[in-house]
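> My questions are about this predicted structure, shown below with the sequence.
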Amino acid sequence: MVLVLLLALGACGRPAARHPQEPAGSHGKPKPRPRPGPLKVGTIIHGYTTWYGGNLDGGPTASGERFHKRDLTAAHRSLPFGTLIRVTTDHTHRSVTVRINDRGPYGRDRSRILDVSEAAAKRLGIIDAGVAAVTIEILSLPRR
């Protein structure tokens, strides 16, 4: 009983623990995300990309088609399936055009905005790095 009381008193006066990615002074309130503007050809998006392939080759994608690591495709959280985008690495300025056919990337790291196929990663020169800062430009949107 005394131990519980001491532990409770010891916590008084200390600032509440915060998540490591939470900005100081936010006091647990989530930081509002900027709302994306309307999607249109020419829209530019900045972030990080990773790549996927290997044992996922031949498996289903969120669009219903099969994933092939040798195709120039990518996964994005919200761009419509069939959207064509140009992905350019910020470091080497190498670029590739890919078609969105899957959803992702998943996980807590929201700076990762795209997963490209293994073939696209090879063209971008990011196979060894695994992650790269990129600029994405929307080239065309599917007809509705």
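Noted; the coordinates are in hand.
> Show me the strands in this protein, by range?
44-52, 73-75, 84-89, 95-102, 112-117, 131-140 (DSSP state E).
> What is the neighbour count of His68?
18 (other Cβ atoms under 10 Å). The C-beta positions use only the backbone N, C-alpha and C, and glycine is treated the same way.
> ditto for Arg70
12.
> Now for the closest residue to it other than its chain neighbours: which residues touch it?
Once flanking residues are discounted, Arg70 sits nearest to Ala119: 4.9 Å by Cβ to Cβ, 6 or more residues apart in numbering. Contacts for Ala119 (Cβ atoms under 8 Å, 6 or more residues apart in numbering) come out as Gly53, Lys69, Arg70, Asp71, Leu72.
> re earlier: just say which of the strands of the chain is most tucked in.
strand 73-75 (a mean of 25; mean count of other Cβ atoms under 10 Å).
> quick check, distance from it to the centre of its chain.
Distance of strand 73-75 from the chain centroid (Cα atoms, centre = their mean, to the nearest Å) equals 11 Å.
> That strand pairs with which strands, parallel or anti?
Paired with strand 73-75 in the same sheet, following DSSP bridges, are strand 95-102 (parallel), strand 112-117 (antiparallel).
> what mean pLDDT does the longest one have?
Same thing as strand 95-102. Strand 95-102 carries an average pLDDT of 98.
> JSON lines for the strands of the chain, including distance to Ser63?
As requested, the strands of the chain are exported to JSON lines (distance: least, Cβ to Cβ, whole Å):
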{"stretch": "strand 44-52", "distance to Ser63": "15"}
{"stretch": "strand 73-75", "distance to Ser63": "9"}
{"stretch": "strand 84-89", "distance to Ser63": "14"}
{"stretch": "strand 95-102", "distance to Ser63": "5"}
{"stretch": "strand 112-117", "distance to Ser63": "13"}
{"stretch": "strand 131-140", "distance to Ser63": "16"}
